[in-house]
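> when you get a sec, could you give me coordinates for this:
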Amino acid sequence: MTTVSDILRLLCEKAPVEAKLGFDNVGLLVGRADRAVTRVLTALDITDEVIDEAFAVGAELIVSHHPLFFELKAVTDATWTGERALTLAERKIAAICMHTNLDAARGGVNDALLRALGGTYTGELDPETMIGRVGELDDTTTMADFLPRVKAALRGNGLRYHDAGRPVRKIAVCGGSGGGEIALAYAAGCDTYVTADIKYDQFLEAKHLGINLIDADHFCTENVVVPVLRGWILEAMPDVDVVMSTRHGQTAQFC
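Have a look, this model is predicted:
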């Protein structure tokens, strides 16, 4: 019999909690550690739709990337966060969240993102936090050709970008909000940086440095880890059925 704690132990081996950033809140956030698990739902976020989906498919556990809460002080229906936590508890669905430790982990978010874009790992974007990766494509291409490749690989609704006019070969990636690492990508000798949540001044920074910059959406740059989570659990625990969310998708839309 596989329990919630068994799955938590596995995920902490794959993505050690010690690697999380200081602000983060990871691990078992809702539920009983000794509860038996026969089915798991994996998703990037624990939204209302994801909770309903888990209940509908009979999952005793949701494994997500983004934490359900960071500093929750009361579990009531007065807030959306409290409401979700209550619903999970009432439906006896546990929640395990692996966040910045999963960003840093070998095989985690950033390795999955680099692989999805066709890059071969050559190093770390930030050796201090181990978040972000540097890699090389098999062939040199143009931004005009690379942009649709990124959009298709990440199944995105659209991209925001700055074309510095440089050929694309050596790339840096950082799933989620990586706008603060543009200088690191430049210092690593990258011609192109793919991340999300880019601010106006960060586009100006990229223009100044002369580096191609692609904002490929927070959801899209991190959702690549959901099948990874599924694979880790299936490989270690063949008695557990693992389902990936089909109801949760990219929220941002482009006209």
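> surely L184 is in a helix?
Yes. If the criterion is DSSP: H, G, I helix; E, B strand; the rest coil, then L184 is within a helix.
> that one and L68, how far apart?
With the distance defined as CB to CB, to the nearest Å, L184 ends up 30 Å from L68. Any C-beta I mention is one placed from the backbone N, CA and C, and that applies to glycine too.
> ok, V57 next?
V57 sits 19 Å away from L68, taking CB to CB as the criterion.
> these two: which is more packed in?
Neighbours were counted for V57 and for L68 using other CB atoms under 10 Å; L68 has more, 21 against 14.
> quick one: distance of the host helix or strand of T122 to the chain centre.
Here T122 is covered by strand 119-124, with elements defined by DSSP states H and E. In terms of CA atoms, centre = their mean, to the nearest Å, the gap separating the centre of strand 119-124 from the centre of its chain is 18 Å.
> and the spatially closest residue to S5 that is not a sequence neighbour, what is it in contact with?
Counting by CB to CB, 6 or more residues apart in numbering, A33 is the residue found nearest to S5 once chain neighbours are left out, at 4.1 Å. For A33, the contacting residues are 3-5, 8, taking CB atoms under 8 Å, 6 or more residues apart in numbering as the criterion.
> what's around C255, how many residues?
As a burial measure, the neighbour count of C255 was computed by other CB under 10 Å and equals 4.
> and what of E124?
Residues within reach of E124, counting by other CB under 10 Å, total 18.
> need the pLDDT of it.
Listed pLDDT for E124 reads 97.
> can you pull the contacts of it?
Residues in contact with E124 (CB under 8 Å, 6+ apart) are 130, 132-134.
> in three-state terms, label V228 for me.
Assigned by three-state DSSP, the conformation of V228 is helix.
> mind listing which of the contacts of A33 are in helices?
Counted as lying in helices by DSSP state H, out of the contacts of A33, are 4-5, 8.
> quick one: which of these is most hemmed in?
In terms of neighbours by other CB under 10 Å, the ones in helices among the contacts of A33 top out with V4 at 23 neighbours.
> which one of the contacts of E124 sits closest to M244?
Out of the contacts of E124, the one with the shortest distance to M244 is R133. That distance is 22.8 Å, counting by CB to CB.
> ok, the closest one - how many residues close by?
Under the neighbour criterion other CB under 10 Å, R133 is assigned a count of 25.
> what of the one 5 residues further on?
Neighbouring residues of D138 were enumerated by other CB under 10 Å; the total is 9.
> packing partners for the helix or strand hosting L213?
Secondary structure assigned from DSSP H and E places L213 in strand 212-215. Helices and strands touching strand 212-215, as assessed by 3 or more CB pairs under 8 Å, 6 or more residues apart in numbering; DSSP states H and E, comprise helix 143-154, strand 160-162, strand 192-196, helix 200-209.
> tell me the mean pLDDT over the helix or strand L28 falls within?
Taking DSSP H and E as the definition, L28 sits inside strand 27-30. For strand 27-30, mean pLDDT is 98.
> tell me the strands beside it, with direction?
Strand 27-30 sits in its sheet next to strand 94-97 (antiparallel), going by DSSP bridges.
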